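Asker: Any chance you can model this:
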Amino acid sequence: MLNGGMVAIYRHHGANAAAQWELEASLPIAHPRTFPRDLRGRLLLRRDHLFDVYLPGTFCRQPPTRSRPLTLTCNDSDDPWPLTRTTAACAPFLRPPAISYRSALSRIGKVSNVPSFYSAALLPRSNYNLWVLAAVDGSLHLVDGMTDQLIRGGKWGSDLAAVHSSCGTGTQLLVSESGDTERDGLRAFEIPDRDPVAASPAVEFDGRIVALWPESSGNAAAAIVKRKDTGWHEAYRVSISCGN
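Answerer: Down below sits the predicted model:
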């Protein structure tokens, strides 16, 4: 689990209803820079070591070793953040003290001046990749490497993620809904061509969605919700099931 000051590693003990998660290690994050108030970060699992951590102006890596205790090495960095686990087609970076992402190369394919955005999702097509960007002005951009289509008027929030399923086109877009400062919702959309079509009713949460990331398998997304009443964070696994 990642927060602004540490990475907490928990181990699950037991296999019955009384099983509990127990804290195994707390690894502090050293950061000489001041983090922005609305802090965003990314924790990515790796194959040759446990994980990498991306925070504004800071990059941390758990060294590739099986020895205990675990350690975490952090340094200043403005390197691009990977949007997906396997592709670097559009690698954004977070610019402190802002909270928006921006294309590291300022282009996707032949499209230059990619707008600043909070989050992005990749929708694979048969012969190209369609990037969906939740721009900082509340609009949605569909960028295919040749064109940048602007969509306004929807209740788009700042978080979105692509999830694979056996429904419809095979890939749905989970989008947070804006408008309520205390409660957020998630709705699934399909983009069969270039016009988003709602594919599900909204699922409401008792708090604001502060992070939404696809799982490495692509079959679900993790939604982190901060409850207004308790201030605690809750994690949800969101997947798509087909209706009749």
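Asker: neighbours around residue 214, how many?
Answerer: Residues lying near residue 214 (other C-beta atoms under 10 Å) number 22. Any C-beta I mention is one placed from the backbone N, CA and C, and that applies to glycine too.
Asker: I meant to write residue 205 there.
Answerer: Neighbour tally, residue 205, other C-beta under 10 Å: 19.
Asker: residues in contact with it?
Answerer: 183, 184, 185, 186, 223, 225, 234, 236 (C-beta atoms under 8 Å, 6 or more residues apart in numbering).
Asker: let's see 6 Å
Answerer: Counting by C-beta atoms under 6 Å, 6 or more residues apart in numbering, residue 205 makes contact with 184, 225.
Asker: give me the beta-bridge partners of it?
Answerer: On the basis of DSSP bridges, residue 205 is bridged to residue 184.
Asker: With residue 122 instead?
Answerer: With DSSP bridges as the criterion, residue 122 is bridged to residue 131.
Asker: which SS state does the residue nearest the centre of the chain fall under?
Answerer: The centroid of the chain falls nearest to residue 213 when counting by C-alpha atoms, centre = their mean (3.0 Å). With DSSP: H, G, I helix; E, B strand; the rest coil as the basis, residue 213 sits in strand.
Asker: Just give the number of residues close to the closest residue in space to it that isn't next to it in sequence.
Answerer: Nearest residue to residue 213 in three dimensions, chain neighbours excluded: residue 222, at 5.4 Å (C-beta to C-beta, 6 or more residues apart in numbering). For residue 222, the neighbour count with other C-beta under 10 Å is 14.
Asker: Strand partners (parallel or antiparallel) of the helix or strand residue 222 falls within?
Answerer: According to DSSP states H and E, residue 222 maps onto strand 221-226. Here strand 221-226 is paired, per DSSP bridges, with strand 208-214 (antiparallel), strand 233-238 (antiparallel).
Asker: Which of those sits closest to residue 201?
Answerer: For residue 201, the closest of the strands paired with strand 221-226 is strand 233-238, at 13.6 Å, according to C-beta to C-beta.
Asker: Show me which residues of the closest one are buried.
Answerer: Residues residue 238 are the ones in strand 233-238 that count as buried (16 or more other C-beta atoms under 10 Å).
Asker: Tell me the bridge partners for residue 55.
Answerer: Here residue 55 sits in beta bridges with residue 58, going by DSSP bridges.
Asker: circling back to that earlier point, for the strand holding residue 222, output the C-alpha coordinates as PDB.
Answerer: The C-alpha trace of strand 221-226 is given here as PDB (Å, rounded to 0.1, in the frame of the first residue of the first chain):
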ATOM      1  CA  ALA A 221      -9.400  -2.000 -12.000                       C
ATOM      2  CA  ALA A 222      -8.600  -1.000  -8.500                       C
ATOM      3  CA  ALA A 223     -10.500   2.000  -7.200                       C
ATOM      4  CA  ILE A 224      -9.300   3.700  -4.000                       C
ATOM      5  CA  VAL A 225     -12.000   5.700  -2.200                       C
ATOM      6  CA  LYS A 226     -11.600   8.100   0.600                       C
END
